[in-house]
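A.B. asks: With the sequence up front, the predicted model follows.
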Amino acid sequence: MDCKSFEKLIPDFIAERMDYPSLKRFLAHREKCAECREELEIRFLVSEGIQRLEDGNAFDLQAELEQHLLDSKKKIRFNDGFLSLGLALEVTAVCLLAGILVWILL
Ligand SMILES: [Zn+2]
């Protein structure tokens, strides 16, 4: 992902409207690009800050961005775990099938 597409995805990230592959690429780009990290921070603070001012809540937005990022990473870990579980099931199914074939043929 380049910086331009990262920037385009920031509103989706903030609104939690991202699908899993984009979210993964988004966070990967954030890890290695200091410029975009900063951009995300600013955009998050601005959008959440405006919301908060309207609500009249006191805020600790820095912590909230951290939380937001943490949640996203958790989501990715969950998805990755799910994918490897799917793979494991697939391997098991293939082995089982092979076993049955061998059993029938012998
Ligand atoms: Zn970038």
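C.D. replies: Yes, it's here.

A.B. asks: okay, CA-based contacts and neighbour counts for the rest of this
C.D. replies: Fine.

A.B. asks: Show me which residues of the chain sit near the ion.
C.D. replies: The chain has residues Cys3, Cys33, Cys36 near the ion, with proximity defined as CA under 5 Å from the ion.

A.B. asks: Show the model's pLDDT score for the second one.
C.D. replies: In this case it means Cys33. Confidence at Cys33, expressed as pLDDT, is 97.

A.B. asks: Distance of it relative to Lys73?
C.D. replies: Distance, Cys33 to Lys73, by CA to CA, to the nearest Å: 17 Å.

A.B. asks: contacting residues for the residue in the chain that the ion sits nearest to?
C.D. replies: Nearest to the ion, among the residues of the chain, is Cys3, at 3.6 Å (CA to the ion). Under the criterion of CA atoms under 8 Å, 6 or more residues apart in numbering, the neighbours of Cys3 are His29, Cys36.

A.B. asks: Which element, helix or strand, includes the residue sitting nearest the centre point of the chain?
C.D. replies: By CA atoms, centre = their mean, the chain has its centre lying nearest to Leu23, at 3.9 Å. Using DSSP states H and E, Leu23 falls within helix 20-32.

A.B. asks: who does that helix touch, helix- and strand-wise?
C.D. replies: helix 3-14, helix 34-55, helix 61-105 (3 or more CA pairs under 8 Å, 6 or more residues apart in numbering; DSSP states H and E).

A.B. asks: what about Ile10, how many residues close to it?
C.D. replies: 19 (other CA atoms under 10 Å).

A.B. asks: Okay, the nearest residue to Leu40 once chain neighbours are set aside and Glu38: tell me how far apart.
C.D. replies: Leaving out its chain neighbours, the residue that sits closest to Leu40 by CA to CA, 6 or more residues apart in numbering is Ile10, at 6.5 Å. Taking CA to CA as the measure, Ile10 falls 12 Å from Glu38.

A.B. asks: Cool, thanks, signing off.
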